[in-house]
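Colleague: Let me see the structure of the following:
(2 chains)
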Amino acid sequence: MDVATLTTLAGIVEYAVPVLFASIGENFTEKAGLINLSVNGTIILSAMSGFVVAMTVDSIFLGFLVGAVVGAIVAAIVAFSSITLKQSQVAIGFVLALLCRDLAYFLGAPYTNKPGLFLSKVPIPVLADIPFIGPVFFNHSLVVYASYLFIIIAYVFMFKTRSGLMLQGIGERPSAAFARGANVKALRYFYTILGGLLIGLAGPMYSLAVKIGWAGQLSGLDGIGWIALAITIFGGWNPLRVAFGAYLFGGLQQLGITLQSTTNIPIQILQAAPFPLMIFTLLLVNVGRAEWVDRELAAMPEKPRIVLSKILRALRTSPPASLGVPFENE
Amino acid sequence: MKISFQHINKWFGKVHANNDINFTIPSGTIQGILGENGAGKSTLMKVLTGFYQADSGEIFLDDKAVTISSPEDAVMMGIGMLHQDPLDFPPMKVIDNFLLGTRGGLFPNRKQVEKDITRLSQEFDFQINPDSFVETLTVGERQQLEILRLLWLGVKVLILDEPTTGISANQKEKLFATLLKLASQGLTVIFVSHKLEEVEQLCSRVAVFRQGQLVGEVMPPYDTDQFVYMMFGKSVEVADKSTFRSEVPYIKLENISLEDYRLRLRDINLEINCGEVIGLAGMEGSGQRLFLRMLTGLMRPVGGSILYGGHNFTGRTYPVFQKAGVAYLPAARLEEGLIPGMTLTEHFILSEEHHELFVNQKSAIDLTEDRIREFYIKGTPASQIEQLSGGNQQRALLALLRNKLRLILMEHPTRGLDIESAIWIWSKMKERCKDCTSIVFTSSDLDEIIQYSDRILVFFGGLVSKPIDADTTTVDELGQLIGGKGW
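Modeller: Next up is the predicted model:
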């Protein structure tokens, strides 16, 4: 396999990482029954603050830490206004998404295009030398390796541990979870803030590792948060499938970069293309819910009907039953 | 465990839901709690299980005063409740349902719990597979699952709230056998119900509630008339069984096949006559809903044809069926039938045909007031629909039906209503049958089905019975069919 292909594949793995953390973070929040719509703004704000802090205090670690804290704070605002003040989660999240983005551009202006720190690549000995797999998966910075572990931990936690079961419980049927001893509100606070922390990590992952630097509006981060929200839905609130969605989006972004150098398709189209394509995949996943699809299926002959409806059902996902619904202990 | 209530009072706003309740339930008995909907039975049970705190009064367990501040507290003290709609997690697996909320390390011992479930299932002769998803179980199986879970948690008192709604005759037999066995092992069972015959059959003592008060405690031998009098404060007349079925077929189903991802119904043939009432019996999820939705055009059959008054309606959509005089009253009143947040008047505006751009408020309010009077709705034209009680919402749904209809489809038309409302609603429906309107309805109450239907279809696991004459069948016979026997 030639070097260009390997570079592209390695790029997909790398580009997917921040989206992956943000989507799985949102996955935790939504599994608990809350929607944190602020993802887009959070990522940009934490990218800026992570970059600036790392540069000023000369510590990459502190850069990541600050990114996570920014995410946690924004999420805490969402949690407080929706759980305690009972305001609309959607309205609060949306306003925060806009506010954080513009705040990042404003506060970050003095640091635009300054040279700063970044995570260097650390090839893993032995593994990096395996043909194909090595260069694609094991010649990256530390955040990429962290993402591999993270996917597995998130999945095992959600579906195999006692705490994970309760997490599912409070998002599915908080009244039943309450009857089994859950402090629903406290847990929802916890998972919203945890989710925000993970979303916040996505910022410095961009500015310190994947898309190094801070270039204000030209950083190209605007919009990614919305995609992360879509990937959570695409992934059916399951970290494994969410990770797949993140790789898919990373692939689409990489494809744009590759096509840019090999064809004369206008760059604006290539930059925008991943977004409508993501919407299209989302549509594909949930089209089985539409009544007209049912009607068309019913009119088909037996064989294709059964095959098609099986495919549509396998693709289909359903959200936690109490997503976005406030909870009161009677 | 012996339970004693001392001067329990509970208010909801101006409603005195529990008015100075005093009584004692001895250990190892099956205590019946009998009363109409809204009599205060469930409130008292929720006080006992920590969902509510009493405004005053005390609870004693084995002569010790206790404070039960949450449902988890209650389970720790050995009191578990099986709710009417089991408090479980439908999209999750049986084993995860068992584990959810248990204390212990991060990783539960699944193998052990799996063994426990299998052992308990065998002990009570239930068939529950730890690996199946709860949403694929019937209501009866979900109850069995909850009972097993509570026993596994070590409860000494088991409360069951209207447990026989939505389960088959076989499952009911099994449930009763289980309860008797548990009582003989020393458990205290509290059986909450509004069904007289069940309470009489099962309970070793009965407390009767009416309008928030404990009317009296009764020991066997029981006298049904006395129970009725205690429950209602008067004797209740039974509904008449008049029929307006004509011999003129209006709707013809020819070789209809239906399917969704779980169920396939094959080759249904049926003629529905003018003025006829057809009851659909069967456990929930046996295909009755598919059948009703097919009759409304909401679901397209995968084979066969539907003829309405001679016209072929196969493959047509809901609006076409509506125009032809079909109305559908789904079970989820507030979700699918009414619009929460809108007033009664606004509902009438939406349901009447209008051709002007602007709404004539005056005539809309007049119409609403007329219907409120005609249908005895407790509310005003400006009442928000969700503020009405269940019974009044159901009346409002009926009042919203247009005048000329050929077919009315209803899911559980009287679920959650008191006997008097139920009788009234049926008399109103039967009036429509006089004008050649046909009715198809589902109900989990077999008495209701036999009482009001002309013919009955039984659904079981994708099978649909031939029409059964309601005059010649019995609750027992239907119960057997629903449970899958005698096909």
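
Colleague: tell me the contacts of residue B:108?
Modeller: Listed by Cβ atoms under 8 Å, 6 or more residues apart in numbering or on different chains, the contact set of residue B:108 reads A:161, A:162, B:99, B:102. Where you see a C-beta, it was placed from the backbone N, CA and C, and this is true even at glycine.

Colleague: Residue A:317 is in contact with residue A:30, correct?
Modeller: No: if you go by Cβ atoms under 8 Å, residue A:30 and residue A:317 don't touch, sitting 11.6 Å apart.

Colleague: tell me, what's touching these two both at once?
Modeller: Residues touching both residue A:30 and residue A:317 by Cβ under 8 Å, 6+ apart: residue A:237.

Colleague: Pick out whichever of those two has more residues nearby.
Modeller: More crowded of residue A:30 and residue A:317, by other Cβ atoms under 10 Å in any protein chain shown: residue A:30, with 23 against 16.

Colleague: What parts of the stretch 251-400 of chain B come near chain A?
Modeller: Within the stretch 251-400 of chain B, the positions near chain A by Cβ under 8 Å from any Cβ of the partner chain are B:261, B:298, B:299, B:300, B:301, B:302, B:315, B:317.

Colleague: The same query, at a cut-off of 7 Å, please.
Modeller: Residues of the stretch 251-400 of chain B found near chain A (Cβ under 7 Å from any Cβ of the partner chain) are B:261, B:300, B:301, B:302, B:315.

Colleague: how about residue B:217, what does it touch?
Modeller: Residues in contact with residue B:217, defined by Cβ atoms under 7 Å, 6 or more residues apart in numbering or on different chains, are B:23, B:205, B:207.

Colleague: Residue in chain A with the shortest distance to chain B?
Modeller: Here the residue of chain A nearest chain B is residue A:180; by Cβ to the nearest Cβ that distance is 2.8 Å.

Colleague: Just give the closest residue to that residue, not the sequence neighbours.
Modeller: The shortest distance from residue A:180 to any non-neighbouring residue, by Cβ to Cβ, 6 or more residues apart in numbering or on different chains, is to residue B:101 (2.8 Å).

Colleague: Spit out the contact partners of that neighbour.
Modeller: A:166, A:180, A:181, A:182 are the contacts of residue B:101 under Cβ under 7 Å, 6+ apart.

Colleague: So residue 258, which state does it fall into?
Modeller: Going with chain A. Under DSSP: H, G, I helix; E, B strand; the rest coil, the three-state class of residue A:258 is helix.

Colleague: Not quite, go with chain B.
Modeller: The three-state label given to residue B:258 by three-state DSSP is strand.

Colleague: count of neighbours near it?
Modeller: 23.

Colleague: Bridging across strands, which residues link to it?
Modeller: Legend: beta-bridge partners of residue B:258 under DSSP bridges are residue B:265.

Colleague: Surely it and residue B:292 touch.
Modeller: No: between residue B:258 and residue B:292 there is no contact, the gap being 10.5 Å when judged by Cβ atoms under 7 Å.

Colleague: Could you list the residues of chain A in contact with chain B?
Modeller: So far as Cβ under 7 Å from any Cβ goes, chain A lies against chain B at A:160-163, A:165-166, A:168-169, A:172-173, A:175-176, A:178-182, A:294-295, A:298-299, A:305, A:309, A:313, A:330.

Colleague: Name the residue of the stretch 201-350 of chain B that lies nearest to chain A.
Modeller: Nearest residue of the stretch 201-350 of chain B to chain A (Cβ to the nearest Cβ) works out as residue B:300 at 3.9 Å.

Colleague: Where does pLDDT dip in the chain?
Modeller: In the absence of a named chain, chain A is used. Counting by pLDDT under 70, chain A contains low-confidence residues at A:1, A:329-330.

Colleague: right idea, wrong chain: chain B
Modeller: Those would be B:237-240, if you go by pLDDT under 70 across chain B.

Colleague: one step back: can I get the buried ones among the contacts of residue B:217 as something I can paste into ChimeraX?
Modeller: In ChimeraX syntax, the buried subset of those is picked out as below (16 or more other Cβ atoms under 10 Å in any protein chain shown):
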select /B:23,207
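
Colleague: Now that we have the contacts of residue B:217, can you turn them into CSV and tack on secondary structure and distance to residue B:268?
Modeller: As requested, these are arranged in CSV below (DSSP: H, G, I helix; E, B strand; the rest coil; distance: Cβ to Cβ, whole Å):
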residue, secondary structure, distance to residue B:268
B:23, strand, 51
B:205, strand, 47
B:207, strand, 46
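
Colleague: With residue B:107 as the reference, measure out to residue A:161.
Modeller: 6 Å (Cβ to Cβ, to the nearest Å).

Colleague: More neighbours: which of those two?
Modeller: Between residue A:161 and residue B:107, counted using other Cβ under 10 Å, residue A:161 has the larger neighbour count: 16 against 11.

Colleague: Report the contact partners of that one.
Modeller: B:106, B:107.

Colleague: cool, residue A:315 as well?
Modeller: Listed by Cβ under 7 Å, 6+ apart, the contact set of residue A:315 reads A:284, A:285, A:288.

Colleague: Mind jotting down where the helices sit in the stretch 101-250 of chain B?
Modeller: For the stretch 101-250 of chain B, the helices defined by DSSP state H, counting those that start in this stretch cover B:110-123, B:139-152, B:169-184, B:196-202, B:224-232.

Colleague: my read: the residue of the stretch 201-350 of chain B closest to chain A touches residue B:315, true?
Modeller: Yes: between residue B:300 and residue B:315 a contact is recorded at 5.7 Å, counting by Cβ under 7 Å.

Colleague: what touches both of these two?
Modeller: Counting by Cβ under 7 Å, 6+ apart, the residues touching both residue B:300 and residue B:315 are residue A:299.

Colleague: re earlier: want to try JSON lines for the contacts of residue B:217, with distance to chain A as columns?
Modeller: Below are the contacts of residue B:217 laid out as JSON lines (distance: Cβ to the nearest Cβ, whole Å):
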{"residue": "B:23", "distance to chain A": "24"}
{"residue": "B:205", "distance to chain A": "27"}
{"residue": "B:207", "distance to chain A": "23"}
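
Colleague: Tabulate the contacts of residue B:217 in CSV, adding columns for distance to residue A:143.
Modeller: Formatted as CSV, these follow (distance: Cβ to Cβ, whole Å):
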residue, distance to residue A:143
B:23, 65
B:205, 68
B:207, 65
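
Colleague: so what's residue B:131 up against?
Modeller: Residues near residue B:131 by Cβ under 7 Å, 6+ apart: B:93, B:94, B:95.

Colleague: and these as TSV, adding secondary structure, distance to residue A:64 and neighbour count?
Modeller: Output for the contacts of residue B:131, formatted as TSV (DSSP: H, G, I helix; E, B strand; the rest coil; distance: Cβ to Cβ, whole Å; neighbours: other Cβ atoms under 10 Å in any protein chain shown):
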residue	secondary structure	distance to residue A:64	neighbour count
B:93	strand	37	17
B:94	helix	42	26
B:95	helix	38	19
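
Colleague: out of these, which touch chain A?
Modeller: Filtering these for proximity to chain A by Cβ under 7 Å from any Cβ leaves nothing.

Colleague: Return the member of those residues nearest to residue B:417.
Modeller: Distance ranking of the contacts of residue B:131 against residue B:417, using Cβ to Cβ, places residue B:94 first at 33.0 Å.

Colleague: how much space between that closest one and residue A:169?
Modeller: From residue B:94 over to residue A:169 the distance is 14 Å, taken as Cβ to Cβ.

Colleague: Check residue A:190 too.
Modeller: Counting by Cβ to Cβ, the gap from residue A:190 to residue A:169 is 14 Å.

Colleague: ok, the two, which is more surrounded?
Modeller: The neighbour comparison of residue A:190 against residue A:169 (other Cβ under 10 Å) goes to residue A:169, with 30 against 16.

Colleague: Now do the SS call for that one.
Modeller: Assignment for residue A:169 (three-state DSSP): helix.

Colleague: Would you map the strands across chain A?
Modeller: Applying DSSP state E to chain A gives strands spanning A:122-123, A:139-140.

Colleague: What are the contacting residues of the first one?
Modeller: In other words, strand A:122-123. Here strand A:122-123 makes contact (Cβ under 7 Å, 6+ apart) with A:138, A:139, A:141, A:142.
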